[in-house]
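> next one to model:
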Amino acid sequence: MTALNAAISRIPIPARMKHLPISENGFPTPWFVPYDQNGVAVPQAADPVKRLRAYRDHLCWCCGGKLGIHMAFTLGPMCAVNRVTAEPASHRACAEYAVRVCPFLVKPRMKRNPTTPAEHKVPSAGIMIERNPGVALIWMTRFFKPFKDHDGRVLFAVGEPDEVLFFCEGRKATRAEVLESIETGIPILREMAAKDGVNAERALERQLERALRLVPMV
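Just a heads-up that it's a prediction; the model follows:
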């Protein structure tokens, strides 16, 4: 068995994730990761079949175990504005572990892996913002609603949050860090809304105002 990477070795693995294989780099391989024909995990890719299973069978996106009433969606701050995500829910403990150890979520300057094999590059549902937001958000809720985008791919509208947790570099994010992430990302959404007209722009500003009320005070 491969040892955990030194950078995360002191972070306890949730009991539900202890069965996951450890990659050559020393990181637990999430349940959603696909495997190639040789049985080798393809990092930074998501298995579309598991995506369907996750929401249809109410399974955790990270560990594959059964979810309960409370669900944790791991979002970027922009998803707090429109309350839509392409990724299914996880257990809270699994989500908190992910935002503390996942290299893409912990390192703000890290980019998505361009070397992922073409056969595993499944287009994300909706319109994906190609940037690392620098801040990750765990959205705790008891409700979500699946729907399809224009291409028939499944997205999830998350319900009212019972709790929100912002993280940056593996720790709780400050108000300034969250606001910076939102302020640098909102122009992208505003540009999209402008193409749809005045009503879309007004709706976006209302969504932004609602999201800003969730930002931590310090």
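> check which helices and strands the helix or strand bottoming out on mean pLDDT in the chain sits against.
With mean pLDDT, DSSP states H and E as the measure, the helix or strand of the chain carrying the lowest mean pLDDT is helix 103-106 (a mean of 86). Counting contacts by 3 or more CB pairs under 8 Å, 6 or more residues apart in numbering; DSSP states H and E, helix 103-106 packs against helix 92-101. No exception for glycine: its C-beta is placed from N, CA and C like everyone else's.
> can you rerun that using 6 Å?
With contacts taken as 3 or more CB pairs under 6 Å, 6 or more residues apart in numbering; DSSP states H and E, helix 103-106 sits against no other helix or strand.
> what are the buried residues along it?
For helix 103-106, the buried set under the neighbour-count rule, 16 or more other CB atoms under 10 Å, comprises Leu105, Val106.
> for it, list the C-alpha coordinates in CSV.
What follows is helix 103-106, C-alpha atoms only, in CSV (Å, rounded to 0.1, in the frame of the first residue of the first chain):
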residue,chain,number,x,y,z
PRO,A,103,-4.3,19.7,-4.7
PHE,A,104,-6.6,21.6,-7.0
LEU,A,105,-8.8,22.9,-4.1
VAL,A,106,-5.8,23.6,-1.8
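> from the chain's centroid, how far away is it?
Shown here is helix 103-106, whose average C-alpha point lies 11 Å from the average C-alpha point of the whole chain (CA atoms, centre = their mean, to the nearest Å).
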